[in-house]
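**Q** A structural model of the following input is requested.
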Amino acid sequence: MTAQTKFTERLTKDNAALLLVDHQVGLYSGIRDISLLELKHNVTGLAKAATVLGVPIVVTTVGADGMWGPVISELGDALPDSLEIIDRATVNAWDDERVRAAVAATGRKKLIITGISLEVCAAFPAIAALNDDYDTYVAVDASGTFSDTKRETGLLRMQQAGVILSDYATLAVEMLADNTLPEAGAVYGALDMPFATLVGQMYAAAQK
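**A** Numbering: from 1, shown residues only. Got it, this is the predicted structure:
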């Protein structure tokens, strides 16, 4: 795939997968670049929208039995009950063969990633997956880190490598693509934003 195609080809519910990296209680305690309420809202909204759209989800933790703890309860509640969380030891989630195998098993080559922290847990696998011929997207507002400097340098490094940066709602509505689909109302409801609620209400009214 050429660089031009990579940056212009559409993200769809049929070509994308979602990788959620280390959204853990202990790591959330250090977040400083985005409010915790907003971060939790955004990542759970993205997970819910992906579930509605049938987009495969892979979730990882690092040392969940230690100081970083389990996945935050809000995200855990938003995930399908059957989803197995991969706990690993590697810094870069992409270095764990179970993570790579789980992503490969989805059959999708466009990979949306969020992580705590942005410059490590999102950036490292996003950059590494590029080398394995995936097109990687990072939902910046569904990720967080420990200082503004870390955020800025992480974004710069990903841009230099060719990772596509976006936000959680834009990625979801790009995958939805058609507001007349039966799942449109549920997707906008999952995003839980004022504009999304309005669109969902308009869609519901149009179906009556």
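**Q** all helices of this structure, in order?
**A** 3-8, 25-28, 36-53, 73-78, 97-106, 123-130, 148-161, 168-176, 184-191, 194-206 (DSSP state H).
**Q** report the buried residues of the third one.
**A** For helix 36-53, burial by neighbour count (16 or more other Cβ atoms under 10 Å) applies to 39-53. Heads up, the C-betas are built off the backbone N, CA and C, glycines and all.
**Q** show me the shaky parts of this structure.
**A** The model of the chain has pLDDT under 70 over residues 1-4, 194-208.
**Q** change it to 80
**A** Applying pLDDT under 80 to the chain picks out residues 1-6, 193-208.
**Q** settle this for me: Thr90 is touching Asp96, isn't it.
**A** Yes. Thr90 lies in contact with Asp96 (Cβ atoms under 8 Å); the separation is 5.0 Å.
**Q** those two - which one has more neighbours?
**A** Asp96 (18 against 14; other Cβ atoms under 10 Å).
**Q** what residues are up against that one?
**A** The contact partners of Asp96, by Cβ atoms under 8 Å, 6 or more residues apart in numbering, come to 60, 86, 88-90.
**Q** so it versus Glu183, what's the distance?
**A** 32 Å (Cβ to Cβ, to the nearest Å).
**Q** same check, this time on Arg10
**A** Taken as Cβ to Cβ, the span from Arg10 to Glu183 is 17 Å.
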